[in-house]
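Peer 1: sequence-free structure coming up:
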Ligand SMILES: Nc1ncnc2c1ncn2[C@@H]1O[C@H](COP(=O)(O)OP(=O)(O)OP(=O)(O)O)[C@@H](O)[C@H]1O
Ligand SMILES: Nc1ncnc2c1ncn2[C@@H]1O[C@H](COP(=O)(O)OP(=O)(O)OP(=O)(O)O)[C@@H](O)[C@H]1O
Ligand SMILES: [Mg+2]
Ligand SMILES: [Mg+2]
């Protein structure tokens, strides 16, 4: 059913995107060894988990994957505490990579520990499932829309922590989500599934910069840029970052000069002008050249912008009227004003 | 456990917001009559469904609510078709308000009709659940994060249809979601639950304009404005709308002049300037006055903007540096540039 | 001994009717046990299982005493115009039902407990009355329990001996059943006949059960 | 007739050991039936239920013939140095186990089928081996099935009569059990004694069952 | 395993006894034990069942059957100590119809037609049943009553049918009626049916058992015979 070849890096987060029913869950279950109908080859960091040709099939419990499934799948006969302890106890203390207390507090589970599963809300169940998988100290983490039932603030909170924890653990992660900002925050690598096949795969900036992918994403189209911290502006709590497309001012980051950094810029947050702008609340203005334009709808179009000497691009979503007013054509030089820049660690 | 008094309008969509575990699901179950521990009074459009004092308790199947629960709760022994037919068959044809074919096609369920439930993906399950509830022609619709497992494009698609269908059916809806754009698109009225109590309630613009709510929403803070279609600009497929804060240009709407319309503007999409701007891709520039400012973080602040003769406000999220550079203070006149305007309706 | 084919007919009728009565009566009882909040529930559960601990011949004897024309129940029953229960087919059914009750009620009770309440809730919001959702959700989802209940109830009635003997009186063509006939062949040392009957019974039952289980496998409800 | 208390001891031992053996042996069998993809499954299911259709005395007779010292199984068994099975306590256990097998296997099978596979999957990804997840997930979730299996198995063994009589030979202090003693009281017209025994048995069983069910209610697994 | 081990006072005898003789046997055993110091352990059962058990290695020392056929078979097949078979009792058939004072005789009750159910033991398996059938045939009532007969496996169940009043009358063993009013039953003349001879036999296992030999002797001696006749059996 699923006919896919995926090469994901052996560390860092790989985002897995795709329409409903495109085979994301099927793929994760195959990697976890839960789907006996999965054929082919699964190799993780040099270890072969599954090789149909060679008759190798490592049992799921020996793969050491942590799997946060779409439905949480908590054990109904156990309390929250015992659900969390289930994987934790099965790892020898020497091999544990996360503290019980740390995970429980981060996911705000302390007040829930003695609850039974049937009385948890949807978001609470998801938090327990995440904690349970992490406490098992997996060597590969599979997360299937792990924060879909969380409200915006707790989602931010959970993702921030997740980001930090994953960096520390250096386990490879495959992360399914329908939210681009979620994936862009965590992932270095992106795979886009369509109808059980890989539609596109590569680094985040590669995949996001592709127009057909951007078109599919709709409101959430955008790019990520890799940069370095150039200076701090302590007074206003800001930081200046150099990127291949120019300098960007972002919220203050407590990090040494020269630290690498990734930022995300949504196409809808980019406006274009022909003249430099003064006395505006927009701090970021980049001088770029239009490379292509594509119509998104009768009213809107997407502009791809670049700069001499780099293949990195910026996407801007503007109205067709503006395009006409500004007479935008490939080759034209413009000022791209970036309203907001999200830092992706 | 839940101690709440909610007055929702007898038609239109009421958005229900709140952190994970704040009691949204509990409230919906209480309204549906599924929670025997719910006490108090439930009245819907003059009909009393539940009145503890008077000993009235209408059984759930007599309330005619459609309930799309957080977990879809499809019947595993029935095919997709029979799941959909379950409620449909129990409504006499005369009282049916939606066509089978229409709903099935809209939610793209045709290829799934003969599937068993266990082989559906998460998003497919949600679409079936929505269709099943709608086909039962409910008199009140309760939706608990009905599109959380859908990818962005299908989510837009489903919501667009939902919006149109709900307008036609004129059933009141209570809609739980963690996504502000989802709710802002559908809802006229908003309830914000915190810890089982109502934190705030009122029209969408009232609740969204409140600073504490905006602060809680974080990235998604914003406002909605009610306006009227003023003119069309066919060439660029645009439409101009008059709002209490001024004129806005939006994507073309096929509607008569004078038609009322609601638009949403996120705070992050508003930039401020002291001088009018020329030759920019931003079409919308409103002349407004700063009413208050509040710090959101060490780097950011939120600016509330108003205009003589109206209580309607706009929110702008800018850096504190910009605030200093522009010397923004209450009473100061500014140009608010709106990068994107979402039409709600 | 000549083989009287009416024995097979009576046996099949008895097992069939008993199973039917058990399913019809056991279903609401099991459903009640599942849904009730009553403090009587454990007592009722215990009562249902109770007839099991008595040997069937002893149970049969007490039933004979109770249901007989001068018995506590029998006299009242006949006073109300009921037909005589002992030595009649209806009496056989009553006895068999009582004796096989736990084999039907307990699997059904377990099966009903495994029906997720949230699915019943979903059905309610789709306009299904309690009876309707029982019929359309609980019953189909409890199918494995019904299969177990029916096969255990049927097989147990076919093999049952003591209750049927005492209440029925082993009257040829009316209350003589296969289990008694088979036993008597052995008691009378008609071994070859007994072997033929036992082998046929086993073979027939095996194929019936095989068919039932094989078919059931086809129609299994997906597990979530 | 004096009442021989050894009867109670033997009965309790028999029912206890039988139930234990049934649970220990029935659990893997039921689990196998649940998980297997084998085409043999319906046949095995049918075989398990098969002993039921024979009247217990007839089943007892055939077991006697098979397990006896000149029987097909018995001669081989004794040839391998096994102790004599017929007319001994182990023989009683073998017979009772065989006869009560379906009452244990079927409820367990149903209970195991009701365990959602996705929970076993979740346990696997948390590092639990198949045996481990069987023990920590399937077993606890199948608890209602175990309760039913144990009560049906125990009660049925207490009340069982025919198999035990034939295989055991009703030897006082060794294979004489309550059901036989009770029946013999009635045969011998010692009605008052029979009534006392029957009433005590019923009362005792009722309170045991009541306690079991009431306790069980307390520890019920939440239903999702 | 066999437990014929001598105790200080005597040996343990394991007797397989037909159920209809249970009450009589209990009294016999009590007196025998008191007199000799041997101990009797009894397994009750239907004759055919006890036979099957003996053939399959049951640890019985002696066998008190309800008929003559099974002991004969055992003897022929070499399961018994040779030459030990004898008739220990002759069953006597009685028509039991409680609450129906016969006046003119019980035969009249059967002819009167107000018998809905007549209980007999199963003629195919139980000697008392065969005897009852003989009687009814001789009276010319068999064909008329056969559809109203309810058939117990043995006389014990036959009596239960009548005792519960579910059957109005029944052919039972006289030995079962020792404490019933003589107005409730009628002893069927012995010349109307084949004699119900009950044979005993010493089994191979008991051949060396002093107590078993003693018990068989006791049965045949005057003390034993007294008890047997007291319980309503004839003796050869
Ligand atoms: N066992 C199966 N047999 C047949 N089809 C299946 C089976 N399991 C899944 N499918 C189908 O395969 C497709 C992929 O399912 P999958 O659950 O992997 O989707 P997904 O990408 O996770 O979608 P979602 O975002 O909605 O969760 C779906 O159309 C689903 O209906
Ligand atoms: N029967 C119950 N007994 C005790 N607490 C309960 C019960 N049901 C729910 N709760 C608790 O009440 C709170 C509200 O639950 P509810 O499911 O209504 O939250 P929610 O707002 O829907 O959250 P989410 O967005 O995560 O779904 C939660 O903390 C939950 O754990
Ligand atoms: Mg999925
Ligand atoms: Mg909820």
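Peer 2: Cool, got the structure. Only a predicted model underlies this, so the values are computations on that prediction, with no experimental measurement involved. Ligands and ions are numbered 1, 2, ... in the order given.

Peer 1: next, the contact list for the closest residue to chain E within chain C, please.
Peer 2: Nearest to chain E in chain C, going by C-beta to the nearest C-beta, is residue C:169, at a distance of 2.8 Å. Just so you know, the C-beta spots here come from the backbone N, C-alpha and C atoms, and that holds for glycine as well. Contacts for residue C:169 were tallied using C-beta atoms under 8 Å, 6 or more residues apart in numbering or on different chains; they are C:86-87, C:175, E:117, E:119, E:150-152, E:161, E:166-167.

Peer 1: how near is the residue lying closest to it once chain neighbours are set aside to ligand 1?
Peer 2: The shortest distance from residue C:169 to any non-neighbouring residue, by C-beta to C-beta, 6 or more residues apart in numbering or on different chains, is to residue E:150 (2.8 Å). Counting by C-beta to the nearest ligand atom, to the nearest Å, the gap from residue E:150 to ligand 1 is 60 Å.

Peer 1: what's around residue E:150, how many residues?
Peer 2: Number of residues near residue E:150 (other C-beta atoms under 10 Å in any protein chain shown) recorded here: 26.

Peer 1: repeat that for the one 10 residues further on.
Peer 2: Residue crowding around residue E:160 was assessed by other C-beta under 10 Å; the count is 25.

Peer 1: the longest helix seen in chain E and chain C in contact?
Peer 2: Counting residues, the longest helix found in chain E (DSSP state H) is helix E:22-36. No: using C-beta under 8 Å from any C-beta of the partner chain, we find that helix E:22-36 stays clear of chain C, coming within 14.6 Å at best.

Peer 1: quick one: list the elements packing against whatever helix or strand comes next after that helix.
Peer 2: Per DSSP states H and E, helix E:22-36 leads on to strand E:39-45 as the next helix or strand towards the C-terminus. Packing partners of strand E:39-45 (3 or more C-beta pairs under 8 Å, 6 or more residues apart in numbering or on different chains; DSSP states H and E): strand E:12-18, helix E:22-36, helix E:210-220.

Peer 1: now with 7 Å, please.
Peer 2: Packed against strand E:39-45 by the contact rule (3 or more C-beta pairs under 7 Å, 6 or more residues apart in numbering or on different chains; DSSP states H and E) you find strand E:12-18, helix E:22-36.

Peer 1: report the rounded mean pLDDT for the longest one.
Peer 2: Yep, that's helix E:22-36 we're talking about. The average pLDDT for helix E:22-36 rounds to 91.

Peer 1: ok now that helix, how far from the chain's centre?
Peer 2: For helix E:22-36, the gap between its own C-alpha mean and the chain's C-alpha mean amounts to 16 Å (C-alpha atoms, centre = their mean, to the nearest Å).

Peer 1: can you point out the buried residues in the helix or strand where residue C:194 lies?
Peer 2: Here residue C:194 sits within helix C:191-218, counting by DSSP H and E. Residues of helix C:191-218 classed as buried: C:193-194, C:197-198, C:201-202, C:205-206, C:209-210, C:212-213, C:216 (neighbour count, 16 or more other C-beta atoms under 10 Å in any protein chain shown).

Peer 1: kindly report the same for stretch E:142-159.
Peer 2: Quick answer for stretch E:142-159 (16+ other C-beta under 10 Å): E:142, E:145-146, E:148-159.

Peer 1: stretch C:33-52 now?
Peer 2: Using 16+ other C-beta under 10 Å as the test for burial, stretch C:33-52 gives C:33-35, C:41-42, C:44-46, C:48-52.

Peer 1: likewise for stretch A:232-252?
Peer 2: Going by neighbour count (16+ other C-beta under 10 Å), the buried part of stretch A:232-252 is A:232, A:236-246, A:248-252.

Peer 1: which residues are contacting it?
Peer 2: Applying C-beta atoms under 7 Å, 6 or more residues apart in numbering or on different chains, the external contacts of stretch A:232-252 come out as A:225-231, A:253, A:261, A:263, A:283-284, A:286-288, A:307, A:310, A:312, A:314, A:338, A:341, A:343, B:298-300, B:319-321, B:324.

Peer 1: alright, that wraps it up for me.
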